[in-house]
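Participant: coords please:
(chains A, B, C, D, E and F)
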Number of protein chains: 6
Amino acid sequence: MPEVVIYAIGGRSQDQKRGLCKDVTEAVMKNYGVPADAVVVTLVETPKTDKAKGGVLFSEMAPR
Amino acid sequence: MPEVVIYAIGGRSQDQKRGLCKDVTEAVMKNYGVPADAVVVTLVETPKTDKAKGGVLFSEMAPR
Amino acid sequence: MPEVVIYAIGGRSQDQKRGLCKDVTEAVMKNYGVPADAVVVTLVETPKTDKAKGGVLFSEMAPR
Amino acid sequence: MPEVVIYAIGGRSQDQKRGLCKDVTEAVMKNYGVPADAVVVTLVETPKTDKAKGGVLFSEMAPR
Amino acid sequence: MPEVVIYAIGGRSQDQKRGLCKDVTEAVMKNYGVPADAVVVTLVETPKTDKAKGGVLFSEMAPR
Amino acid sequence: MPEVVIYAIGGRSQDQKRGLCKDVTEAVMKNYGVPADAVVVTLVETPKTDKAKGGVLFSEMAPR
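Facilitator: Sure, this is the predicted structure:
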């Protein structure tokens, strides 16, 4: 407690995931005054075929 | 904003996913008066072994 | 099954909520081929003080 | 209704999943007075690389 | 870990909530072999105006 | 994209919420290389009567 769930497109590296979980945990500790062990972070990764913005799947967006 | 998360059994086709994301996005735009780009839809697919109704896994239900 | 969860700022009218739930349910039925009774929609409303985009709370954004 | 979502590290056996879904469904029926068919349970499994406690990924924790 | 989120209509008594959290926690401990302290249960209650089944808000369903 | 949902006990101050949303957004930007506007953070607050750890409601835990 608190529990953090992050919904993102898959394909991040292990370094990115480690860094994100560490930094988000520290953000919760600093602002909410809870110990590290109280914070659980779950990354819910989805393929680009399973996520859309503006009604368009990420797998079908034109490259920018 | 708003963010839509849809929990379903996996195995849908790309056409089904594209159609669902497009139609759900339009439903949010029409009823909540937000622009398309504000709407993110995430499909959280789970295998039939990881979801149950009435206490029975979908992978172990008798075919109807 | 499927279950739809929609995270949005609170304050919508009953008409907006009714319309959104109805249209989202029809979008799921049409694209995934499931009966109406299989679709549950939950609106998770949060006050503007509890949601942020770009790191800024909606309650503290400059009006557009 | 109600819908139950359980976020856990992946790798459980089919027996464990079956048992958890059955017991959680019965817990909801008993305490909330709803029929079995009203209860949907979704297991959202994540690999150990995608989940952290105390800011440390489960994949990088020292074995206990 | 695991984290359980239960989406339901609001209005349950404190006894119902206490019983549900206790029984769900025991179901996770028994089936997944984790200690009690590892299990967090969150009840996300929504008013009947914010939840629909079959495209109809619970607040507008005919009484059974 | 990404969308962050944080489940916590309610009662935090506006300063705490502002700080948490800002710091979590920066953590996502830094580690995942996305612009600020792509990050949405939702705080799902629950009363102490609606959340349990170790099978005990937070509202009924002995003070530490």
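
Participant: Only C-alpha atoms from now on, for both contacts and neighbour counts.
Facilitator: Noted.

Participant: how many other residues sit next to the nearest residue in space to residue A:37 that is not next to it in sequence?
Facilitator: Residue nearest to residue A:37 in three dimensions, not counting chain neighbours: residue D:54, with 4.2 Å by CA to CA, 6 or more residues apart in numbering or on different chains. Neighbourhood size, residue D:54 [other CA atoms under 10 Å in any protein chain shown]: 18.

Participant: How about the one 5 residues further on?
Facilitator: By the other CA under 10 Å criterion, the neighbourhood of residue D:59 contains 15 residues.

Participant: Correct me if wrong: it contacts residue D:53.
Facilitator: No. Using CA atoms under 8 Å, residue D:59 is not in contact with residue D:53; the gap is 10.7 Å.

Participant: So which residues of chain A form strands?
Facilitator: With strands called from DSSP state E, chain A shows them at A:3-9, A:40-46, A:51-53, A:56-57.

Participant: highest average neighbour count across these?
Facilitator: strand A:51-53 (a mean of 25; mean count of other CA atoms under 10 Å in any protein chain shown).

Participant: about what we covered before: who wins for proximity to residue C:63 among the strands of chain A?
Facilitator: In terms of CA to CA, the element of the strands of chain A nearest to residue C:63 is strand A:51-53, at 23.6 Å.

Participant: Sheet partners, orientation included, of that closest one?
Facilitator: Using DSSP bridges, the strands paired with strand A:51-53 are strand A:56-57 (antiparallel), strand B:40-46 (antiparallel).

Participant: Out of those, the one nearest residue B:29 is which?
Facilitator: The nearest among the strands paired with strand A:51-53, by CA to CA, is strand B:40-46 at 11.3 Å.

Participant: and the angle from the closest one to strand A:3-9?
Facilitator: 100 degrees (axes from the mean of the first three to the mean of the last three CA atoms, to 10 degrees).

Participant: ok, and what's touching strand B:40-46?
Facilitator: Residues outside strand B:40-46 that contact it (CA atoms under 8 Å, 6 or more residues apart in numbering or on different chains) are A:7, A:46, A:50-55, B:1-10, B:21, B:24-25, D:42-44, F:1.

Participant: Any idea how far it is from the middle of the chain?
Facilitator: Here the centre of strand B:40-46 is set off from its chain's centre by 6 Å, with CA atoms, centre = their mean, to the nearest Å.

Participant: what's the answer for stretch A:4-23, then?
Facilitator: 5 Å.

Participant: what residues are up against the residue nearest to residue A:37?
Facilitator: Counted by CA under 8 Å, 6+ apart, residue D:54 has contacts A:22, A:25, A:35-40.

Participant: and if you look at residue A:56?
Facilitator: Applying CA under 8 Å, 6+ apart, the residues contacting residue A:56 are B:18, B:21-22.

Participant: could you redo the last one with a cut-off of 7 Å?
Facilitator: By CA atoms under 7 Å, 6 or more residues apart in numbering or on different chains, the residues touching residue A:56 are residue B:22.

Participant: Name the residues linked to it by a beta bridge.
Facilitator: Beta-bridge partners, per DSSP bridges, of residue A:56: residue A:53.

Participant: And the pLDDT for it?
Facilitator: Per-residue pLDDT puts residue A:56 at 97.

Participant: Ok, residue A:32 next?
Facilitator: 97.

Participant: what do you get for residue A:64?
Facilitator: Value for residue A:64, per-residue pLDDT: 61.

Participant: Generate JSON lines for the strands of chain A, with distance to residue B:29 as supplementary columns.
Facilitator: Shown next, in JSON lines, are the strands of chain A (distance: least, CA to CA, whole Å):
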{"stretch": "strand A:3-9", "distance to residue B:29": "21"}
{"stretch": "strand A:40-46", "distance to residue B:29": "23"}
{"stretch": "strand A:51-53", "distance to residue B:29": "12"}
{"stretch": "strand A:56-57", "distance to residue B:29": "14"}
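
Participant: Just give me the neighbour total for residue A:13.
Facilitator: 12.

Participant: May I have the phi/psi pair for it?
Facilitator: Phi and psi for residue A:13, reported as degrees, to the nearest 10, are phi -80, psi 160.

Participant: so for stretch A:4-20, what's the average pLDDT?
Facilitator: Per-residue scores along stretch A:4-20 average to 97.

Participant: Quick check: residue A:21 vs residue E:28, distance?
Facilitator: Note on residue A:21: its distance to residue E:28, by CA to CA, to the nearest Å, is 24 Å.

Participant: next one: residue A:63
Facilitator: 44 Å.

Participant: Kindly report the same for residue A:8.
Facilitator: From residue A:8 to residue E:28 the distance is 27 Å (CA to CA).
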